[in-house]
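Student: I would like the atomic coordinates for the input below:
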Amino acid sequence: MKKIERINLIMRYINNRAHFTVSEIMHEFSISRSTAIRDIREIESMGMPLVSEVGRDGGYAVMHNSLLPEVRFTDNEVKALFIAFLATRNQQLPYLKSRQSIAEKLLSLISENQQDDLIFLNKILLFEGTNPHNPDILELSDIPDPILEKLFLTLLLDRYFLITIQEDNVTKSYPIFLLHLYQENGNWFLEGFDLKEEKKRIISINHLTDVKNYSSKKALSEQEIVEKLSEQDEEVNIILELGPKAINQFKKYHPFKITISYVDPYQSAAILKTFVDVYKTDEVDGITNWILFLGDDIKIRELPEVILKKSQERVHLYCT
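Tutor: Reported below is the predicted structural model:
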């Protein structure tokens, strides 16, 4: 069955129902879950008003004889959208190719006076990573790896992946359940649960060569994965005590995977525990720079020798 024909049949099917689920669509039309979700989203984009319902028995409700209301933005809302748009202009984000069309559509929604305001803001606002001589230019380093956009599209269908990475000229594949996808220091990372080795992995998107959905009847459920993670004691080789000044520095910036535990009700003292692979130079350099960033309001309980030596070398260098 061709896609257009299938979507037309699905539209007729759901139009005669007050409520339906993805499983019902999968069973009725003998299609996969990812295909069913894609078709439902395409039907929504065509204007059929559907409302998703959360909960154990959730699905979709059809608003019959309803028209979607016209969206109107206030003057301040338009400026907020535009400034947020500018602030991320020189960051590695997916869908960069859509930026020009988004800007044109945004401008078409507003009056000429509002357009003049936005043009003025565009001239005077410079954000981190912006080329002051040509704010609209995108450096080569600003453009994300194409695999990032593919990853976004894949995770919208399912959180079970089969990823392929290449490190030190060695290619490996892992079945992963996605926990988080995050950006740190301009780079994207995938935090996932390795379904074979049953442990957490953090992988740089720069090392990804391929990603696709992974389906296995033996795969653990999300609840089972959460339970296994809670049972695993995370390895720790860095323990620091933070005073109020260091806590303020921590709040300004800290790596995604690092958290602190306050030890007094006034949140003026805290304990930091984490693990760093001392055999990975980039991790060692990164955590060394960050510990120095925290300042001298810290007490070291435990720290790998290699990081301690690097910190001392850096301090000595700064003082000479």
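Student: all helices for the protein, in order.
Tutor: 3-15, 22-29, 33-45, 75-87, 99-108, 112-124, 146-155, 222-231, 244-252, 281-294, 305-319 (DSSP state H).
Student: What helices and strands are in contact with the last one?
Tutor: Going back to what we said before, that points to helix 305-319. helix 281-294 (3 or more Cβ pairs under 8 Å, 6 or more residues apart in numbering; DSSP states H and E). Yep, even glycine has a C-beta here, placed from its N, CA and C like the rest.
Student: Show me the longest strand that occurs in this structure.
Tutor: strand 170-184 (DSSP state E).
Student: Can you name every helix or strand that that strand contacts?
Tutor: Strand 170-184 sits against helix 146-155, strand 160-167, strand 187-194, strand 199-204, with contacts defined as 3+ Cβ pairs under 8 Å, 6+ apart.
Student: Can you give the distance of it from its chain's centre?
Tutor: Averaging C-alpha positions (Cα atoms, centre = their mean, to the nearest Å) puts strand 170-184 12 Å from its chain's average.
Student: Going by neighbour count, which residues of it are buried?
Tutor: Across strand 170-184, burial judged by 16 or more other Cβ atoms under 10 Å covers 174-179.
Student: Could you dump these into TSV with distance to residue 250 added?
Tutor: As requested, the buried residues of strand 170-184 are exported to TSV (distance: Cβ to Cβ, whole Å):
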residue	distance to residue 250
174	31
175	35
176	29
177	29
178	27
179	22
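Student: Residue 117 touches residue 79, doesn't it?
Tutor: Yes - counting by Cβ atoms under 8 Å, residue 117 touches residue 79, with 6.9 Å between them.
Student: Out of the helices and strands packed on strand 170-184, the one nearest residue 258 is which?
Tutor: strand 199-204 (11.8 Å; Cβ to Cβ).
Student: so what pLDDT did residue 129 get?
Tutor: Here the pLDDT value assigned to residue 129 is 64.
Student: And residue 208, how far from residue 14?
Tutor: Taking Cβ to Cβ, to the nearest Å as the measure, residue 208 and residue 14 are separated by 36 Å.
Student: Check residue 253 too.
Tutor: Distance from residue 253 to residue 14, counting by Cβ to Cβ: 47 Å.
Student: neighbour-wise, which of those two wins?
Tutor: Taking other Cβ atoms under 10 Å, residue 253 and residue 14 do not tie; residue 14 has more neighbours (22 against 11).
Student: so what's the more buried one closest to, chain neighbours aside?
Tutor: residue 20 (5.2 Å; Cβ to Cβ, 6 or more residues apart in numbering).
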